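Enquirer: from the sequence below, what's the structure:
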Amino acid sequence: MPFQTFMSESGFKVLAMARLEQCEYSIVLYLLNCAVSGMHDLITTEKELASLIGYQEDKLKEAVEGLVARNIIHVKVHEQNQSRGKQSLRIGMEYNIHLWQLNFDKGVTSTDAVVFPYKREGNVHYLQPREPDLTPTIRHPLPTHKRILSAFMDGRDMLGELELVNAERDAMILVDTHPVDQCLIMIRHFGTRIPTLSLLASAWQHYQILYDEETEKVDIQEARHKHLEMDHRLRDAVEILLQQKADLKLSEEEQDVLDVLSNHRHPRRQLFWAYQSRGRYPKLKDFFDQNSFLMLPVTSSGNIFKKKPHQD
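Expert: Model prediction:
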(Lines give C-alpha, C1' and ligand atoms only; values in the text may rest on other atoms or scores of the structure.)
Protein backbone atom coordinates (compact mmCIF):
# COMPACT_ATOMS: atom_id res chain seq x y z
CA MET A 1 0.00 0.00 0.00
CA PRO A 2 1.23 3.54 -0.72
CA PHE A 3 0.95 4.64 2.92
CA GLN A 4 2.99 1.62 4.08
CA THR A 5 5.69 2.55 1.54
CA PHE A 6 5.68 6.07 2.96
CA MET A 7 6.18 4.62 6.46
CA SER A 8 8.95 2.18 5.46
CA GLU A 9 10.84 4.98 3.69
CA SER A 10 10.89 7.03 6.94
CA GLY A 11 8.43 9.56 5.55
CA PHE A 12 7.73 11.25 8.89
CA LYS A 13 11.45 11.80 9.46
CA VAL A 14 11.73 13.38 6.02
CA LEU A 15 8.85 15.67 6.93
CA ALA A 16 10.72 16.69 10.07
CA MET A 17 13.50 18.06 7.84
CA ALA A 18 11.27 19.46 5.09
CA ARG A 19 11.22 23.04 6.50
CA LEU A 20 7.53 23.55 5.76
CA GLU A 21 5.47 26.48 6.98
CA GLN A 22 3.06 25.98 9.87
CA CYS A 23 -0.02 25.92 7.62
CA GLU A 24 1.71 23.49 5.23
CA TYR A 25 2.44 21.09 8.09
CA SER A 26 -1.21 21.34 9.21
CA ILE A 27 -2.42 20.34 5.75
CA VAL A 28 0.03 17.44 5.48
CA LEU A 29 -0.78 16.09 8.94
CA TYR A 30 -4.52 16.38 8.28
CA LEU A 31 -4.15 14.40 5.03
CA LEU A 32 -2.02 11.77 6.74
CA ASN A 33 -4.64 11.44 9.46
CA CYS A 34 -7.24 10.84 6.74
CA ALA A 35 -4.95 8.24 5.16
CA VAL A 36 -4.73 6.33 8.45
CA SER A 37 -8.54 6.07 8.30
CA GLY A 38 -8.38 4.75 4.73
CA MET A 39 -9.18 8.04 2.95
CA HIS A 40 -6.25 8.65 0.63
CA ASP A 41 -8.00 11.48 -1.25
CA LEU A 42 -10.21 14.17 0.24
CA ILE A 43 -12.95 15.98 -1.71
CA THR A 44 -13.55 19.43 -0.22
CA THR A 45 -13.36 23.18 -0.94
CA GLU A 46 -10.74 25.74 0.06
CA LYS A 47 -13.21 27.37 2.44
CA GLU A 48 -14.13 24.08 4.10
CA LEU A 49 -10.52 22.89 4.41
CA ALA A 50 -9.44 26.26 5.85
CA SER A 51 -12.19 25.96 8.46
CA LEU A 52 -11.19 22.38 9.33
CA ILE A 53 -7.56 23.23 10.10
CA GLY A 54 -8.18 26.75 11.43
CA TYR A 55 -6.58 29.07 8.82
CA GLN A 56 -7.72 31.96 6.62
CA GLU A 57 -8.55 31.03 3.02
CA ASP A 58 -5.74 33.13 1.50
CA LYS A 59 -3.18 31.52 3.82
CA LEU A 60 -4.51 28.06 2.96
CA LYS A 61 -4.40 28.80 -0.77
CA GLU A 62 -0.73 29.87 -0.52
CA ALA A 63 0.17 26.75 1.50
CA VAL A 64 -1.61 24.38 -0.94
CA GLU A 65 0.16 25.96 -3.92
CA GLY A 66 3.52 25.59 -2.16
CA LEU A 67 2.93 21.91 -1.38
CA VAL A 68 1.77 21.19 -4.95
CA ALA A 69 4.86 22.94 -6.36
CA ARG A 70 7.07 20.61 -4.30
CA ASN A 71 5.10 17.46 -5.24
CA ILE A 72 4.24 16.75 -1.59
CA ILE A 73 0.49 16.75 -2.31
CA HIS A 74 -1.61 16.52 -5.47
CA VAL A 75 -4.72 18.61 -6.15
CA LYS A 76 -7.34 18.40 -8.89
CA VAL A 77 -9.90 21.21 -9.28
CA HIS A 78 -13.46 20.40 -10.35
CA GLU A 79 -16.28 22.76 -11.34
CA GLN A 80 -14.04 25.36 -12.98
CA ASN A 81 -17.07 27.61 -13.59
CA GLN A 82 -17.67 28.07 -9.85
CA SER A 83 -16.38 31.18 -8.07
CA ARG A 84 -13.08 31.08 -6.19
CA GLY A 85 -13.39 29.23 -2.85
CA LYS A 86 -16.46 27.25 -3.91
CA GLN A 87 -14.67 25.02 -6.41
CA SER A 88 -14.53 21.35 -5.46
CA LEU A 89 -10.99 20.08 -4.80
CA ARG A 90 -9.71 16.51 -4.83
CA ILE A 91 -6.61 16.62 -2.59
CA GLY A 92 -4.29 13.90 -1.34
CA MET A 93 -0.70 13.05 -0.32
CA GLU A 94 2.08 12.05 -2.69
CA TYR A 95 3.44 9.02 -0.80
CA ASN A 96 6.55 8.57 -2.97
CA ILE A 97 8.92 10.82 -1.02
CA HIS A 98 11.57 10.50 -3.75
CA LEU A 99 9.38 12.78 -5.91
CA TRP A 100 9.27 15.52 -3.28
CA GLN A 101 11.12 18.74 -4.10
CA LEU A 102 12.62 19.67 -0.74
CA ASN A 103 14.52 22.79 0.29
CA PHE A 104 17.63 20.86 1.30
CA ASP A 105 21.15 21.88 0.44
CA LYS A 106 22.57 20.35 -2.72
CA GLY A 107 23.53 16.71 -2.36
CA VAL A 108 21.24 15.94 0.60
CA THR A 109 18.65 13.19 0.06
CA SER A 110 15.74 11.80 2.03
CA THR A 111 18.07 9.16 3.47
CA ASP A 112 19.78 11.89 5.51
CA ALA A 113 16.58 12.32 7.52
CA VAL A 114 16.92 8.93 9.17
CA VAL A 115 17.90 9.29 12.83
CA PHE A 116 19.90 6.54 14.52
CA PRO A 117 20.44 5.92 18.26
CA TYR A 118 24.23 6.35 18.39
CA LYS A 119 24.22 6.96 22.16
CA ARG A 120 21.23 6.26 24.37
CA GLU A 121 22.56 6.72 27.92
CA GLY A 122 25.56 7.80 29.95
CA ASN A 123 27.95 10.67 29.36
CA VAL A 124 29.58 11.24 26.00
CA HIS A 125 33.38 11.52 26.02
CA TYR A 126 35.15 13.10 23.06
CA LEU A 127 38.59 11.76 22.15
CA GLN A 128 41.31 13.70 20.42
CA PRO A 129 41.75 12.69 16.76
CA ARG A 130 44.69 10.36 16.11
CA GLU A 131 46.50 9.00 13.14
CA PRO A 132 44.57 6.22 11.36
CA ASP A 133 45.55 2.69 12.36
CA LEU A 134 46.93 1.02 9.25
CA THR A 135 47.47 -2.34 10.96
CA PRO A 136 46.41 -5.16 8.62
CA THR A 137 43.29 -6.95 9.83
CA ILE A 138 41.38 -10.03 8.73
CA ARG A 139 40.29 -9.64 5.13
CA HIS A 140 36.81 -10.73 4.07
CA PRO A 141 36.03 -11.78 0.50
CA LEU A 142 33.13 -9.28 0.34
CA PRO A 143 32.94 -5.59 1.33
CA THR A 144 31.27 -5.23 4.71
CA HIS A 145 27.97 -3.84 3.39
CA LYS A 146 27.83 -6.69 0.84
CA ARG A 147 28.05 -9.19 3.70
CA ILE A 148 25.04 -7.55 5.34
CA LEU A 149 23.13 -7.52 2.06
CA SER A 150 23.99 -11.18 1.43
CA ALA A 151 22.78 -12.20 4.91
CA PHE A 152 19.55 -10.22 4.40
CA MET A 153 18.90 -11.90 1.02
CA ASP A 154 19.45 -15.41 2.40
CA GLY A 155 16.16 -17.31 2.32
CA ARG A 156 14.20 -14.53 0.58
CA ASP A 157 12.63 -14.36 -2.84
CA MET A 158 14.47 -12.30 -5.45
CA LEU A 159 13.92 -8.59 -4.82
CA GLY A 160 12.91 -6.14 -7.54
CA GLU A 161 15.53 -3.79 -8.98
CA LEU A 162 14.40 -0.78 -6.91
CA GLU A 163 14.07 -2.88 -3.73
CA LEU A 164 17.60 -4.23 -4.27
CA VAL A 165 19.02 -0.72 -4.74
CA ASN A 166 17.28 0.44 -1.54
CA ALA A 167 18.51 -2.65 0.37
CA GLU A 168 22.13 -2.01 -0.67
CA ARG A 169 21.80 1.66 0.33
CA ASP A 170 20.41 0.68 3.73
CA ALA A 171 23.17 -1.93 4.20
CA MET A 172 25.77 0.83 3.78
CA ILE A 173 23.90 2.94 6.37
CA LEU A 174 24.00 0.02 8.83
CA VAL A 175 27.77 -0.36 8.28
CA ASP A 176 28.25 3.32 9.17
CA THR A 177 26.13 3.17 12.33
CA HIS A 178 26.57 -0.27 13.87
CA PRO A 179 29.29 -2.96 14.09
CA VAL A 180 29.10 -5.32 11.12
CA ASP A 181 29.21 -8.51 13.20
CA GLN A 182 26.36 -7.25 15.38
CA CYS A 183 24.28 -6.44 12.28
CA LEU A 184 24.88 -9.95 10.94
CA ILE A 185 23.83 -11.50 14.26
CA MET A 186 20.59 -9.49 14.27
CA ILE A 187 19.76 -10.30 10.62
CA ARG A 188 20.46 -14.02 11.01
CA HIS A 189 18.47 -14.20 14.24
CA PHE A 190 15.31 -12.45 12.96
CA GLY A 191 15.51 -13.58 9.32
CA THR A 192 12.41 -12.65 7.34
CA ARG A 193 10.88 -10.99 10.40
CA ILE A 194 12.91 -7.96 9.29
CA PRO A 195 10.98 -6.75 6.21
CA THR A 196 13.55 -4.14 5.14
CA LEU A 197 17.04 -3.09 6.22
CA SER A 198 15.73 0.47 6.47
CA LEU A 199 13.34 -0.64 9.22
CA LEU A 200 16.17 -2.45 11.03
CA ALA A 201 18.30 0.72 10.93
CA SER A 202 15.59 3.08 12.14
CA ALA A 203 14.15 0.67 14.76
CA TRP A 204 17.47 -0.76 15.93
CA GLN A 205 16.73 -0.30 19.64
CA HIS A 206 13.41 -2.17 19.30
CA TYR A 207 15.10 -5.13 17.61
CA GLN A 208 17.94 -5.09 20.17
CA ILE A 209 15.48 -5.29 23.07
CA LEU A 210 13.55 -8.06 21.32
CA TYR A 211 16.78 -9.95 20.63
CA ASP A 212 17.79 -9.71 24.30
CA GLU A 213 14.38 -11.02 25.39
CA GLU A 214 14.57 -13.98 23.02
CA THR A 215 18.14 -14.99 23.83
CA GLU A 216 18.35 -14.23 27.57
CA LYS A 217 18.00 -17.83 28.73
CA VAL A 218 21.21 -18.28 30.74
CA ASP A 219 21.86 -18.68 34.45
CA ILE A 220 23.02 -15.19 35.46
CA GLN A 221 25.09 -16.34 38.45
CA GLU A 222 26.78 -19.09 36.46
CA ALA A 223 27.55 -16.70 33.61
CA ARG A 224 28.97 -14.11 36.03
CA HIS A 225 31.19 -16.73 37.65
CA LYS A 226 32.41 -17.82 34.21
CA HIS A 227 33.29 -14.26 33.26
CA LEU A 228 35.19 -13.69 36.50
CA GLU A 229 37.19 -16.87 35.93
CA MET A 230 38.18 -15.71 32.45
CA ASP A 231 39.09 -12.24 33.79
CA HIS A 232 41.43 -13.86 36.34
CA ARG A 233 42.91 -16.08 33.66
CA LEU A 234 43.75 -13.05 31.52
CA ARG A 235 45.19 -11.09 34.46
CA ASP A 236 47.43 -14.04 35.39
CA ALA A 237 48.80 -14.18 31.83
CA VAL A 238 49.45 -10.43 31.92
CA GLU A 239 51.17 -10.64 35.32
CA ILE A 240 53.60 -13.27 33.99
CA LEU A 241 54.62 -10.95 31.15
CA LEU A 242 55.03 -7.95 33.46
CA GLN A 243 57.39 -9.97 35.65
CA GLN A 244 59.50 -10.72 32.53
CA LYS A 245 59.31 -7.23 30.97
CA ALA A 246 63.04 -6.59 31.40
CA ASP A 247 64.06 -9.91 29.84
CA LEU A 248 61.57 -9.46 26.99
CA LYS A 249 62.73 -5.84 26.46
CA LEU A 250 59.18 -4.57 26.21
CA SER A 251 58.73 -1.01 25.02
CA GLU A 252 57.11 1.61 27.25
CA GLU A 253 53.92 1.45 25.20
CA GLU A 254 53.80 -2.35 25.46
CA GLN A 255 54.21 -2.11 29.24
CA ASP A 256 51.46 0.51 29.40
CA VAL A 257 48.95 -1.68 27.59
CA LEU A 258 49.77 -4.59 29.93
CA ASP A 259 49.28 -2.32 32.95
CA VAL A 260 45.86 -1.32 31.63
CA LEU A 261 44.87 -4.97 31.13
CA SER A 262 46.10 -5.87 34.61
CA ASN A 263 44.30 -3.09 36.48
CA HIS A 264 41.16 -2.46 34.46
CA ARG A 265 37.78 -3.46 35.85
CA HIS A 266 36.91 -5.16 32.54
CA PRO A 267 40.23 -6.53 31.22
CA ARG A 268 38.66 -8.72 28.51
CA ARG A 269 36.93 -5.69 26.98
CA GLN A 270 40.22 -3.78 27.01
CA LEU A 271 41.92 -6.78 25.39
CA PHE A 272 39.47 -6.39 22.48
CA TRP A 273 40.59 -2.77 21.88
CA ALA A 274 44.28 -3.63 22.34
CA TYR A 275 43.91 -6.46 19.82
CA GLN A 276 42.65 -4.01 17.18
CA SER A 277 46.05 -2.23 17.39
CA ARG A 278 48.20 -5.30 17.97
CA GLY A 279 50.57 -4.27 15.19
CA ARG A 280 51.90 -1.54 17.51
CA TYR A 281 52.98 -4.16 20.08
CA PRO A 282 55.24 -6.59 18.15
CA LYS A 283 56.74 -8.21 21.26
CA LEU A 284 53.26 -9.12 22.51
CA LYS A 285 52.41 -11.14 19.40
CA ASP A 286 52.55 -14.50 21.20
CA PHE A 287 50.46 -13.08 24.06
CA PHE A 288 47.72 -11.98 21.63
CA ASP A 289 47.83 -15.29 19.73
CA GLN A 290 47.42 -17.30 22.94
CA ASN A 291 44.78 -15.14 24.64
CA SER A 292 42.70 -13.62 21.83
CA PHE A 293 39.89 -16.12 22.54
CA LEU A 294 39.42 -14.44 25.96
CA MET A 295 38.62 -10.98 24.59
CA LEU A 296 35.07 -9.71 24.86
CA PRO A 297 34.08 -7.62 21.80
CA VAL A 298 32.25 -4.38 22.61
CA THR A 299 30.76 -1.48 20.68
CA SER A 300 32.16 2.05 20.83
CA SER A 301 29.51 2.89 23.47
CA GLY A 302 30.64 -0.01 25.69
CA ASN A 303 27.84 -2.46 24.93
CA ILE A 304 28.89 -6.11 24.62
CA PHE A 305 28.40 -7.91 21.33
CA LYS A 306 26.12 -10.88 21.75
CA LYS A 307 27.98 -14.12 21.09
CA LYS A 308 27.94 -17.76 22.13
CA PRO A 309 29.74 -18.59 25.42
CA HIS A 310 33.29 -19.89 24.98
CA GLN A 311 33.57 -23.67 25.22
CA ASP A 312 36.68 -24.98 26.98
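Enquirer: how close does Gln182 sit to Arg169?
Expert: 19 Å (CB to CB, to the nearest Å). Just so you know, the C-beta spots here come from the backbone N, C-alpha and C atoms, and that holds for glycine as well.
Enquirer: who's more crowded, the two?
Expert: Gln182 (20 against 15; other CB atoms under 10 Å).
Enquirer: check for me that the more buried one belongs to a helix.
Expert: Yes: counting by DSSP: H, G, I helix; E, B strand; the rest coil, Gln182 is found in a helix.
Enquirer: what about the protein, any weak spots by pLDDT?
Expert: 1-2, 79-86, 103-142, 216-223, 298-312 (pLDDT under 70).
Enquirer: break it down into its domains, please.
Expert: In terms of domains, the chain is parsed into 2-102, 144-215, 220-294 (source: automatic domain parsing).
Enquirer: packing partners for whichever strand or helix holds Arg169?
Expert: Assigning secondary structure by DSSP states H and E places Arg169 in helix 161-177. Helices and strands touching helix 161-177, by 3 or more CB pairs under 8 Å, 6 or more residues apart in numbering; DSSP states H and E, are helix 144-153, helix 197-202.
Enquirer: quick one: that helix to helix 144-153, angle?
Expert: Per axes from the mean of the first three to the mean of the last three CA atoms, to 10 degrees, the angle that helix 161-177 makes with helix 144-153 is 130 degrees.
Enquirer: chain center to stretch 28-45: distance?
Expert: 31 Å (CA atoms, centre = their mean, to the nearest Å).
Enquirer: ignore what I typed, I meant stretch 164-173.
Expert: With CA atoms, centre = their mean, you get 12 Å for stretch 164-173.
Enquirer: so where do the strands sit in the stretch 51-200 of the chain?
Expert: Here the stretch 51-200 of the chain has its strands, by DSSP state E, counting those that start in this stretch, at 73-78, 88-93.
Enquirer: tell me, how many residues neighbour the residue nearest to Ile72 when sequence neighbours are not counted?
Expert: The shortest distance from Ile72 to any residue other than its chain neighbours is 5.4 Å, reached at Trp100 (CB to CB, 6 or more residues apart in numbering). Using other CB under 10 Å, Trp100 has 18 neighbouring residues.
Enquirer: wait, what's in contact with Trp100?
Expert: Listed by CB atoms under 8 Å, 6 or more residues apart in numbering, the contact set of Trp100 reads 14, 18, 70-72, 94, 110.
Enquirer: let's go with 10 Å and repeat that
Expert: Trp100 makes contacts with 11, 14-15, 18, 67, 70-73, 94, 110, as judged by CB atoms under 10 Å, 6 or more residues apart in numbering.
Enquirer: what do you get for Leu250?
Expert: By CB under 10 Å, 6+ apart, the residues touching Leu250 are 241-242, 244, 256-258, 281, 283-284.
Enquirer: right, and Tyr25 touches Gly66 too?
Expert: No: checked against CB atoms under 10 Å, the pair Tyr25 and Gly66 is beyond contact range at 11.3 Å.
Enquirer: please identify which of the contacts of Leu250 is nearest to Met186.
Expert: Nearest to Met186 among these: Val257, at 31.4 Å, using CB to CB.
Enquirer: please, which helix or strand holds the closest one?
Expert: Per DSSP H and E, Val257 falls inside helix 252-263.
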